[in-house]
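# Following is a predicted model, sequence given first.
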Amino acid sequence: MGSRVFLLAVLWLAASAWSPAQIALSNSSGTETYKLQGEVVNSITGEGIPYVLVTVSSENKQALLTGTDGHFEFAGLRAGRVTVTASKPGFFEDGEQKISNTNKPGRIFVSDRSNGRYAMKGLGVSIEIGPDTVPVTFKLMPEGIITGHIEDSGGEPIERAFIRVEAIVISDGRKLWTQMAGITSREDGTFRIANLHPGRYYVSVHSLTRGRTLEDVNAANPVGYPLSVYYPAAPDRASAAPIDIAAGQRVEIQFALKLQPVFKVSGNVSGQSNVQSVNIRLLSSTGEDLGLPGRFYPADGRFEIQGVPAGNYRLEARGDNRGELPLHVSGTLNGVHVVLRPKTSIPVIIRNEATRAPEMKLENFGPHHGIPISLMAHRSDLEHDFTSTGLEQHSDDGPPALNVEPGKYAVDLSVLYGGVYVQSARYGDIDLLREELIVQPAAPRPIEVVLRDDGANLQIKIAGAERNATSSVVVVPEAAPNQLKVAHVGGDGEGGFVMGFINGLAPGDYKVFAFDSIETMEFRNPEVLKQYNAKAAQVSLTSGMTSNVSVELIHTSQ
Amino acid sequence: MMRFFSLTLVFVLFAAALATGQPQAKPPATFEISGTAVDSLTGQPLTGVHVAVAQVTARNNFRIVVTGEDGKFFFDGLARGKYALTAQRIGYLTQSFDQHGQYSTSIAVGPGQDARGLIFRVRPQASISGQVVDEHNEPVRNARVILFQQSAPGEPERQAVRGRTTTDDEGVFYFAHLFPEKYFIAVEAEPWYAQRQPINFARTIYADSFGNRSVPQDSPPQPREDVPKSPLDVAYPVTYYPGVTDPASAGSIAVTAGEKFTADIVLQPVPAIHSRITVAGPDSKQHFSGDLRQRVMGDTFGGFSASVIEISPGVLEVSGAPPGHYELNLNTYDETGNHPAIKGEIDLADGTEAGSFQVGAAPVALTGAVKFDTDEDPPTRGSIVLRNRKSGEASVGNISDHGEFEIQGGVQPGSYDVTASAFNQSLLSELIATGAKVTGHSLEIKDNTPVKLTAVLTRGLGQVTGVALRDDKPVAGIMIVLVPEDPLHHAQLFRRDQSDSDGTFTLPSVVPGKYTVLAIADGWELDYRSPDVLKPYMAHGTPIQVEDKGKYEVKVNIQ
């Protein structure tokens, strides 16, 4: 009897020692503490990095700095799973964190800026603290640095020039041009840009003040620098040379700018109300603001812009309404006429063919209940125009409307109610689920959206998923690949499988992909997904039914 | 007949002779300014300098010449008068001839003046750069660096911000285009690795506009003893070149023309404070929010990322800042709404001891009126400025339509310099007060007695012109100072000028009173407002009594 009790007591103690440490203010039984040692090294040179901040998410967050050799040691840690991070300015926490540990290697975000992927900081590594914990090695990637020099054709340094560094970054499965850094040149014409992740960059010089000496602004023949120059000497990004930076690399570049004749552009604006102040901007042919403001004279609606080098531009006038037109400058240009127009208002008619749930009846929508869909139009014909417009509801009894200027738009459409899907969305004969929206200045027809709630459900079984990792499922309808859906599935499955569930999908054929990570994948590009077709699962969904699909986890590695 | 004829002939001939000998109407005499632009350090002629002349009465009407290899510039056809001569070139600051601060030597041209062969010493610009490193000798990125310039002439000692920048990835900062002046550098930064731990679970009390609180009122929570203090909960105090944390011992940097000064600074971390501040005598319905700021230098304050959170009624927890002397701005709100900020100064040290903060440490009410020294109606626009002689902080009272003013919120007891600002062409000539002691234009407030000021303005400003002489010869470029009686209490009455090429100078807008005019060679570095510095010169200065709107001409011997 005694020994059995003893045995039970031992088992009980063992069981409580095995359970993960909970946040508790009082000492629990099992006050064994353990150490965590390790080092942080430069992923390129392998040398230890001094003074790196290492944190442990134990009961109370502990933090310390590594020594001069990159080593660290935490003491007094309770048994259990913790997250450990290592960070320092000038380094990125990417790459495989090779952990010499009995546990599986944790994976952080792999990134490679040349393809536009980027890392997320601070996620750290998951480590089991206990008697078997072995030392940890973190590898941090050193930053890249671009240094440079700007001078004029006479060799004199140019000060206060604005230098911009751009790269393609992937966000939500799309490639986006993003400004990564901006700086102005010093008195000696030099500049320095650090904290660059390995990748491909485009460097350009912008918006210089027109000339510097009194001669340069001599009224008779004004001269100035080009408004934007892309490395090494290109007028736009399309013809620029990229700069590829590897981890820890230092790159040195030069810009030599030539003064050239500059001209005055003038004209008038019509379509504004008397008291309106109109903002005149000169844009590049791709819609980028060139930082050369125009002067507007409200009394007679005149405007002028000084200091424009020869080239192709767009002129924008913005008051309550907006007007824009292309401009070709090869000399002084007078009599440019810009007409401000109100935006084109496209009514959006939402038809609800919900058959099941009474709460989905159309009269439940409208101004008092909100618009049931989200429709965002992003201008797609001008590279540098990032305007994004959503639906607006102006009158109480009219349909919501999309108010945009003439142009071409990519449309993102989604339903704000679970279990409801968009069956069709048409603008005349344009199928908005597959094509882009083209808006003409003339009187528009309405956008017609049909909603249904007799969608299908999908249960996804992911093989090869890790116990505690999140997987990402991409579900692509064959009929309208643009309307793909993404779901993140948590990893707490048993036996190597993880289950996910998506409801309210439009009936039809689908391809299903499961990835370990899509943070850095351009998954909205069909060409990118195509590469993984072999590992995708096919499934046909029928209205009102739940289908099952099994798919193997795809590891996206460098 | 013959005689008559010959007489006539002679007369005619004489008349003819007179006619041809009569001088034609000559064009007015024109004059010339010419010379060479040279580098003030090397003495070598400078090419590519844009040299401009403009009459001092019409400075926007200028003519420009660009120097060639020989550095020479030449202007002729100039009418008689005084001209401002300026030079502009890359690598050199735009400057006037023999410039000192806001003064320079104007070139007088006219009969008897020779303005040829001038040597224009163009001073290359100076720069201050440096590296900010931390206690590990590693660069500090994104530290905020502020460049202060020693006071502008004629103003009481204030340091004005001349530039701001942030350090790059190497911890380097750079200030360019500097004149030879005295500067200070201050650095503000937070350690990048700082771990902030509030001692208490900050129990922010949410109060709606009716004063209803969502957390029951109780005594302040006790500090959590079981939270070990992180060694990384540190902060950097504001650090001044060469590495001190007390602005009074900040080292001044006197750059000379063309100098590239290096100012490296090391930041040392100190434990961040954790303090509780009890707002004395809180109304139980009053709540407080606040922010801390610290005077960096002059009138400039640092924005700190200190956290100030109310943890129970009237008790604030402060964390995340270095120990030091702060100004605490409190906003209070109760059931009647928000109330204007209460300000006060407090010393915060590390530790969880509660510091006590006097709300509304009774300020002294200060009101007054401005009037002219004539029968004229009082002015309707302008302000009276009181500047604390110790802290340098300024309090302003704008005048009403009736010439009356009040300093909102009052002032603290102390010593103040009073000035009249933005009054149209008139200056403070006399100060009278009840409730405080007046000496000249200074005010001493000792206790809480409300103070009533009368500021008397005068329009009767005089002018003193003259010539600076050495051995009876006029000399250009000399510093001229008009020293008022009792200089310590009449700081605003000083006037200065630089003698022009003909030795002449003008001291304008002089408030009537007793003065001494001094001409001091190489005097530009002197602290000319200090009575001790002036003492050796005063005996040989030229005394002058300036009356209402009087104009005077004096001769001053150069010392």
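Nice, I can see it.

# What strand or helix carries residue 444?
You didn't say which chain, so I picked chain A. Under the criterion DSSP states H and E, no helix or strand holds residue A:444.

# other chain: chain B
Counting by DSSP H and E, the secondary-structure element that holds residue B:444 is strand B:442-445.

# helix or strand right after that strand?
Helices and strands here follow DSSP H and E; after strand B:442-445, the next one along the chain is strand B:451-458.

# Adjacent strands (with direction) for the helix or strand containing residue B:332?
In this structure, residue B:332 is located in strand B:324-334 according to DSSP H and E. Each strand that strand B:324-334 pairs with, and the sense of that pairing, follows from DSSP bridges: strand B:287-297 (antiparallel), strand B:337-348 (antiparallel).

# ok now it, how far from the chain's centre?
Going by C-alpha atoms, centre = their mean, to the nearest Å, the spacing between the C-alpha centre of strand B:324-334 and its chain's C-alpha centre is 28 Å.

# Whichever residue of the stretch 401-550 of chain B sits closest to chain A: what secondary structure?
Residue of the stretch 401-550 of chain B nearest chain A, by C-beta to the nearest C-beta: residue B:501 (24.5 Å). All C-beta atoms are positioned from the backbone trio N, CA, C, and that covers glycine. In the three-state summary, residue B:501 is assigned as coil, counting by DSSP: H, G, I helix; E, B strand; the rest coil.

# Ramachandran angles for it?
The phi/psi pair for residue B:501 (degrees, to the nearest 10) reads phi -60, psi -20.

# repeat for residue B:258
In this entry, residue B:258 is assigned phi and psi values of phi 80, psi 0 (degrees, to the nearest 10).

# I'd like to know how far it sits from residue B:41.
Relative to residue B:41, residue B:258 is positioned 5 Å away (C-beta to C-beta, to the nearest Å).

# More neighbours: which of the two?
Under the criterion of other C-beta atoms under 10 Å in any protein chain shown, the comparison of residue B:258 against residue B:41 puts residue B:258 first, with 17 against 14.

# any idea how far the more buried one lies from residue A:310?
Between residue B:258 and residue A:310 the computed distance is 40 Å (C-beta to C-beta).

# ditto for residue A:53
Using C-beta to C-beta, residue A:53 is found at 52 Å from residue A:310.

# what about these two, which has more around it?
In this view residue A:53 and residue A:310 are compared by other C-beta under 10 Å, and residue A:53 has more residues nearby, 21 against 13.

# and that one, what does it touch?
Each residue near residue A:53 by C-beta atoms under 8 Å, 6 or more residues apart in numbering or on different chains is listed here: A:63, A:64, A:65, A:86, A:87, A:88, B:192, B:193, B:232.

# what bridges to the fifth one?
Residue A:87 has the following beta-bridge partners by DSSP bridges: residue A:53.

# burial count for it?
Applying other C-beta under 10 Å, we find 19 other residues in the vicinity of residue A:87.

# What pLDDT does the model give it?
The score at residue A:87 is 88. That number is its pLDDT.

# Flag every buried residue along stretch B:139-150.
Buried residues in stretch B:139-150, counting neighbours by 16 or more other C-beta atoms under 10 Å in any protein chain shown, are found at B:139, B:140, B:141, B:143, B:144, B:145, B:146, B:147, B:148, B:149, B:150.

# Now whichever residue of chain B sits closest to chain A. Its backbone dihedrals?
Using C-beta to the nearest C-beta, the closest approach of chain B to chain A is made by residue B:169 at 3.3 Å. For residue B:169, the backbone dihedrals (degrees, to the nearest 10) come out as phi -70, psi -20.

# So for it, what's the pLDDT?
What the model reports for residue B:169 is a pLDDT of 94.

# got a list of what it touches?
Contacts for residue B:169 (C-beta under 8 Å, 6+ apart) come out as A:89, A:90, A:143, A:145, A:192, A:194, A:195, B:139, B:141.

# Taking these together, which two end up most distant?
Maximum pairwise distance in the contacts of residue B:169, criterion C-beta to C-beta, is 14.7 Å, between A:89 and A:192.

# wait, is residue A:527 part of a helix?
Yes - note on residue A:527: a helix contains this position according to three-state DSSP.

# Can you tell me how far it is from residue A:175?
Using C-beta to C-beta, residue A:527 is found at 12 Å from residue A:175.

# When the two are compared, which one has more neighbours?
Between residue A:527 and residue A:175, counted using other C-beta under 10 Å, residue A:175 has the larger neighbour count: 15 against 7.

# Next, count neighbours for residue B:320.
A total of 21 residues lie near residue B:320 under the criterion other C-beta under 10 Å.

# circling back: name the stretch among the strands paired with strand B:324-334 that sits most buried.
Each of the strands paired with strand B:324-334 was scored by mean neighbour count; the highest is strand B:287-297, a mean of 20, by mean count of other C-beta atoms under 10 Å in any protein chain shown.

# Common neighbours of residue B:258 and residue B:41, please.
Contact criterion C-beta under 8 Å, 6+ apart; residues shared by residue B:258 and residue B:41: B:123, B:124.

# Since that was my last question, I'll sign off now.
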